[in-house]
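Q: 3D, please:
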Amino acid sequence: MAGRIEDYALIGDMQTAALVCRDGTVDWLCLPRFDSHAIFAGLLGTEEHGFWRLGPAHAAEAEPPTAARRTYRGDSLILESEWDTPRGTVRVTDFMPPRDGAPQLIRIVEGVSGRVPMRSELRMRFSYGRVVPWVHKHEGRTVAVAGPDSVWFDTEAETYGKDLTTYADFTVAPGDRIAFTISWEPSHKRPPALPEPEQSLTATEDFWRDWVEHCTYHGPYREAVIRSLITLKALTYAPTGGIVAAPTTSLPEEIGGVRNWDYRYTWLRDAAITLSSLLRTGYREEARAWREWLLRAVAGDPENLQIMYGIAGERELGEAELDWLPGYEKSGPVRVGNGAAHQLQLDVYGEVTEALHLAHMTGLARNDYASVLQLKLIRYLEDHWNEPDEGIWEVRGPRRHFVHSKVMAWVAVDRTIKLIESGDADGPLERWQELRDDIHRDVCEKGYDKERNTFTQSYGSKELDASLLLIPQMGFLPPDDKRVIGTIEAIQRELSTSDGFILRYPTDGEDAGVDGLPGDEGAFLACSFWMADDLAMIGRVDEARKLFEKLLSLRNDLGLLAEEWDPRLKRQVGNFPQAFSHVPLIDTALRLTASGAYGG
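A: Below you'll find the model as predicted:
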């Protein structure tokens, strides 16, 4: 069985990523891209669906021992795990070098003390665990081939095959270093170059050290911010600048439930807020690359803006279920692709426009087509802002007039007006000023419950929605407006879990609720960070700091967060690690630092 979600570490090369468990097992890896088929899919099934375990040898009937310690080497994505055994201590260093040729996953075993018997168990299964490859020797190297894919396995250790698995049994003493590498190459091409593990390790460490030096944040939460920034960088597809929401699919929002989605794509919303955080911490090149990705993805059809695209801008992300995989802890179905890609979510226009506005305000080199795109988006909103949509949470129930969607439509118009007023674009200023006023008036009249002094999830509804916490952050109303304070306090009362974290909206257990799905979910971590932001904005800074630091305590030992927190099981749930959790962590840290609201 796979480990708990928080038991995993992330390693990656900014084109794909692997998850490594505490016992030294790689249970998830897609090659050559984030959205490619997995060669290790044990995370969503069993060992029969592919894994690579490297650690101290253990009896066949015993559980693999877990590492006594693990950490990232400094501010990098190089994982170091150490085991203390009766015979000594051993360290395994796992990393994926930034790509210059074939993608590689490198694992270096190092003896620390004593003489420790070790074992590598490599079981490659292509096509998400469905296909057993042809494994054979080629000029002294082990290669696994199936269809268009080949994976090459290189090590100085003696290997042997048994039960469709490649093994290596060896012993390490102090000073011994034995490397293991897998490299992917299209099966019709020549073999990839022989790996150079030690040189690759040095180059990888240099890359991350140099990248982190560009960070402009030096506040009290620097450790958490740096780890989140590294995670966001790892989720960026370097060739195009596209940013995946997470490197995994179908990790459940409720253990045993059906809320399992593929997050290995670029959501405009997630990517736009990621751009915001990168810009505010000094990472202009990543922001520029994302803007260029956006312009290419949307080019030719901005009126039919999708909420998500493939990492190279692909539009077709058809959803399918992999019925041979039982799912993480039997949480099925396992899905690939995402049927929400063609939903109408009007808030996306606001997030994209806000990101372009921020890029403009922070001096990112001007791109004339970005301004043209922004004007086209507003012309679309002129005719469609008052339509119902699926909203920020991608409901699979009926469309509604979601308040957050209307607020973000207002944001899109407001930021475009500012662009025109600055003299950097031409447009019907007075007409759009009237449009901005019309949207604002509509929201305040139809989306506000006077009796309860709170905005509601949608027009005419009684339900609340945590996305309403963005109203003051987007400048729709000032933080001291009584309606804003009333909404914050209502969400605290009605959407707060027993431990103080925030749910997205009410769910109805076995009955299909507003999102059209049965079951419940955990507290949504981004929403909980938004609450901390709002509390700081309305002057309750001590309360904001306490909530923020409580949220930081939910990170795993390596500083990583999934999408949600299950308050009943006290564990992380949802795809992992999640950009939409790490971005608001950075934002809240910046806000609290600016206000001086931190301990120590």
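Q: please enumerate the helices of the stretch 351-500 of the chain.
A: Taking DSSP state H, counting those that start in this stretch, the helices of the stretch 351-500 of the chain run over residues 368-384, 403-421, 429-446, 470-473, 482-494.
Q: for Glu351, find the nearest of these.
A: helix 403-421 (6.4 Å; CB to CB). No exception for glycine: its C-beta is placed from N, CA and C like everyone else's.
Q: packing partners of that closest one?
A: Other helices and strands packing on helix 403-421, by 3 or more CB pairs under 8 Å, 6 or more residues apart in numbering; DSSP states H and E, are helix 347-361, helix 368-384, helix 429-446, helix 470-473.
Q: need the winner for burial among those helices.
A: Each of these was scored by mean neighbour count; the highest is helix 347-361, a mean of 23, by mean count of other CB atoms under 10 Å.
Q: pull out the buried positions in stretch 381-398.
A: Using 16 or more other CB atoms under 10 Å as the test for burial, stretch 381-398 gives 381, 385, 389-395.
Q: Ile485: which of those is nearest?
A: Ile392 (22.1 Å).
Q: low-confidence regions, the stretch 401-550 of the chain specifically.
A: Low-confidence segments of the stretch 401-550 of the chain, defined by pLDDT under 70: 508-520.
Q: my bad, should have said the chain
A: For the chain, residues meeting the criterion pLDDT under 70 lie at 1, 300, 508-520, 597-600.
Q: hey, where'd the helices end up in it?
A: Ranges of helices in the chain, per DSSP state H, are 126-129, 197-212, 222-234, 268-280, 284-298, 347-361, 368-384, 403-421, 429-446, 470-473, 482-494, 525-537, 541-552, 579-595.
Q: nearest to Gly460 among those helices would be which one?
A: Per CB to CB, nearest to Gly460 of the helices of the chain: helix 429-446, 7.2 Å.
Q: what's the angle between that closest one and helix 403-421?
A: 160 degrees (axes from the mean of the first three to the mean of the last three CA atoms, to 10 degrees).
Q: counting by contacts, list what helix 429-446 packs against.
A: helix 368-384, helix 403-421.
Q: output the contacting helices and strands for the shortest one.
A: Helix 368-384 sits against helix 284-298, helix 347-361, helix 403-421, helix 429-446, with contacts defined as 3+ CB pairs under 8 Å, 6+ apart.
Q: which stretch among those helices comes nearest Thr159?
A: Relative to Thr159, the nearest member of those by CB to CB is helix 284-298, separated by 39.7 Å.
Q: how many neighbours does the closest residue in space to Leu547 that isn't next to it in sequence have?
A: Distance criterion CB to CB, 6 or more residues apart in numbering; nearest residue to Leu547, sequence neighbours excluded, is Ala532 at 4.5 Å. Neighbourhood size, Ala532 [other CB atoms under 10 Å]: 30.
Q: ok, Ala532 touching Leu552?
A: No: if you go by CB atoms under 8 Å, Ala532 and Leu552 don't touch, sitting 10.3 Å apart.
Q: thinking again about what came up before, in JSON lines, list the helices and strands packed on helix 368-384 along with distance to Asn556.
A: What follows is the helices and strands packed on helix 368-384, written out as JSON lines (distance: least, CB to CB, whole Å):
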{"stretch": "helix 284-298", "distance to Asn556": "24"}
{"stretch": "helix 347-361", "distance to Asn556": "28"}
{"stretch": "helix 403-421", "distance to Asn556": "30"}
{"stretch": "helix 429-446", "distance to Asn556": "39"}
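Q: relative to Thr204, which of the ones you listed is closest?
A: Here helix 284-298 is closest among the helices and strands packed on helix 368-384 (CB to CB), at 18.2 Å.
Q: and the closest one, what does it pack onto?
A: Packing partners of helix 284-298 (3+ CB pairs under 8 Å, 6+ apart): strand 236-237, strand 242-243, helix 268-280, helix 347-361, helix 368-384.
Q: strands paired with the first one, and their directions?
A: Listed by DSSP bridges, the sheet partners of strand 236-237 and their directions read strand 242-243 (antiparallel).
Q: measure Asn376 to Glu254 for me?
A: Wrong residue type there; residue 376 is Lys, not Asn. Counting by CB to CB, to the nearest Å, the gap from Lys376 to Glu254 is 39 Å.
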